[in-house]
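Colleague: sequence first, then the predicted structure, then my questions.
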Amino acid sequence: MAMAMVAAPKMKKGKFVLLLHAHLPYVRHPEHGDFLEEDWFYEAIAETYVPLLRTFERLVADGAPVRLTMSITPTLAAMMEDPLLQERAARHLERCVALAASEVRRTAGDEKLNALARFYRDRFGAARDYFEARGRRLIPAFRELQDAGFLEIITCAATHGFLPLMAGYPEAVRAQIMVARDYHTKLFGRPPAGIWLPECAYFPGVENYLREADLKWFVLDAHGLMFGRPQPRFAIHAPCYTPEGPAVFARDRDSSRQVWSQEEGYPGDPAYRDFYRDIGYDLPLDYLRPFLGADGQRKFTGLKYHRITGRTGDKEVYHRPWAEGAADAHASDFLASRLRQFEPLCAEMPLDPLVVSPYDAELFGHWWFEGPEFLDLFLRKAAYDQTLFEFTTPSAYLAANEVLQVVQPCASSWGNKGYWEVWLDRSNAWIYPHLHAAARRMTEMARRHARTRARWKEDTLQQMARELLLAQSSDWAFLMRTGTAKDYAARRTRDHLLRFNRLHDTLAAGRPDKDFLAACRERDNIFPDLAWRYYI
């Protein structure tokens, strides 16, 4: 008797989500002509955001079948939209071009350094020209990539507040999410479908606020889903719905480790540019001073002539062709690793297997100078040189896979040891009683004046909300813990709380202080349409 032939099950196609988390704390000091911490933003424009935009636009122009996901936090978006910071960013780029041009002249007798100086002059010049051609506004450029279907842009909490440590103050959590939703919709022309929880920090119940904001999904570190109940059937390789509705996606550790690990990560390759060796600390101060701003203090200039070389202080001159070759090799290796990862998953899973790889956007170009080149090479290789997996976005995956397991995730973050200790330890614990007291007072005042139509009361309540939101930024606790700019972080927390309390007292007394309110609104002008009634 002839035996019937049974067709082998068709292999599923892998789905790869590459997610870039673009975030900086809100740093804006109109009271100073130059302010050191504002350089974080200007450096990121020159080294990360403009290079990424140019990379993405080339991919779109070439018709590459690539889709990416990007969170642009409300604080970063507000800085990009601020005319004062746009003007100062343009000035920063002009200084970079001028310094590089000076370096071309100074290094004329050194062939290797002169080639690098000319490279920097051209690179900074291209960034400046792009920034000016865009009218100094980058948000519309990202929005065009969204509208072209290349990017899914999502939001974050309004000021990147650490939500689990606000859990006892529901109105504070709600305001962080609703204000973010509103501002994102205003800038990008559509409400966000997903949210990057600040620091990937989750507490059970946060989904209720996400559902109110009509946010469909969020991302956790792997253990946040793997320790859920019940355990996810497909581990981290498929999203799950939470009992309250929004879906949860989990970060893939393997792909993250290849980029982030100090021991194994690509950015540590000896061929790549050394981030910390900068001419701002190597060359005579008298020579550098015209390019350093009003205070003339040493700082990073973005001109770096050495490669990583090794763990010692002896560094060799950066050789651009070697770095480009390393980026190409690492892009190929990253692709090969994803193929090895997807192959058994595609053969065994009954639905399309998923890998979610999130990274801080500022890694690409700022911390890892060759990062944009690596990203471009990997995206093109993955798009054209294999058929095992394809790029997708979380929203697209959910649309194609409506039936998923329901899992209750566990409390988690992507910080050290996976929970709260980075944002709550001896260095920063002092801030939380003050933040919680302010959140309580904000709610009390919002409810007391819920029906007010007095303009000065509305303006005062709105500014109180701004000051509270800015004080709640997780960046301040993080900087205190790491010791990086810890004095600045502590001062920012205190200053916002002091302004909040003074505004509160004027409202409680029924006596407006118009000059003080105007000064606060000029200094901390984020979210011009902020709806303070979210605290009711």
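Modeller: Sure, I can see it.

Colleague: let me know the secondary structure of Val248.
Modeller: strand (DSSP: H, G, I helix; E, B strand; the rest coil).

Colleague: domain boundaries for the chain, per the record?
Modeller: 14-417, 424-535 (automatic domain parsing).

Colleague: can you map out the strands along the protein?
Modeller: For the chain, the strands defined by DSSP state E cover 14-22, 68-72, 151-156, 194-196, 217-220, 240-241, 247-250, 354-360, 389-391.

Colleague: okay, those strands in JSON lines with mean neighbour count, mean pLDDT and distance to Arg28 next?
Modeller: Any C-beta I mention is one placed from the backbone N, CA and C, and that applies to glycine too. Converted to JSON lines, those look like this (neighbours: other Cβ atoms under 10 Å; pLDDT from 0 to 100; distance: least, Cβ to Cβ, whole Å):
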{"stretch": "strand 14-22", "mean neighbour count": "23", "mean pLDDT": "98", "distance to Arg28": "17"}
{"stretch": "strand 68-72", "mean neighbour count": "25", "mean pLDDT": "98", "distance to Arg28": "17"}
{"stretch": "strand 151-156", "mean neighbour count": "25", "mean pLDDT": "98", "distance to Arg28": "18"}
{"stretch": "strand 194-196", "mean neighbour count": "25", "mean pLDDT": "98", "distance to Arg28": "22"}
{"stretch": "strand 217-220", "mean neighbour count": "25", "mean pLDDT": "98", "distance to Arg28": "28"}
{"stretch": "strand 240-241", "mean neighbour count": "20", "mean pLDDT": "98", "distance to Arg28": "39"}
{"stretch": "strand 247-250", "mean neighbour count": "25", "mean pLDDT": "98", "distance to Arg28": "33"}
{"stretch": "strand 354-360", "mean neighbour count": "21", "mean pLDDT": "97", "distance to Arg28": "21"}
{"stretch": "strand 389-391", "mean neighbour count": "20", "mean pLDDT": "98", "distance to Arg28": "35"}
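
Colleague: quick one: which of those is nearest Ala323?
Modeller: strand 354-360 (19.2 Å; Cβ to Cβ).

Colleague: if I look at Lys299, how far off is Pro290?
Modeller: 14 Å (Cβ to Cβ, to the nearest Å).

Colleague: so those two - more neighbours on which side?
Modeller: Lys299 (15 against 12; other Cβ atoms under 10 Å).

Colleague: give the contact list for the more buried one.
Modeller: Applying Cβ atoms under 8 Å, 6 or more residues apart in numbering, we find Lys299 in contact with 36, 39, 280, 292-293.

Colleague: please redo it, this time with the cut-off set to 10 Å
Modeller: Neighbouring residues of Lys299 by Cβ atoms under 10 Å, 6 or more residues apart in numbering: 36, 39, 43, 278, 280-281, 288, 292-293.

Colleague: ok, Ala531 next?
Modeller: So Ala531 contacts 175, 178-179, 182, 462, 465 (Cβ under 10 Å, 6+ apart).

Colleague: farthest pair within those residues?
Modeller: Met178 and Gln462 (14.0 Å).

Colleague: between the contacts of Ala531, which has the most around it?
Modeller: Busiest of those [other Cβ under 10 Å] is Ala175, holding 32 neighbours.

Colleague: doesn't Ala158 make contact with that one?
Modeller: Yes: using Cβ atoms under 10 Å, Ala175 is in contact with Ala158, at 7.1 Å.

Colleague: need the residues touching each of the two.
Modeller: With Cβ under 10 Å, 6+ apart, Ala175 and Ala158 have common neighbours 465, 469, 472, 530, 534.

Colleague: which of those has the most neighbours?
Modeller: That'd be Gln472 among those, by other Cβ under 10 Å, with 31 neighbours.

Colleague: from Trp423, how far out is that residue?
Modeller: In terms of Cβ to Cβ, Gln472 sits 11 Å off from Trp423.
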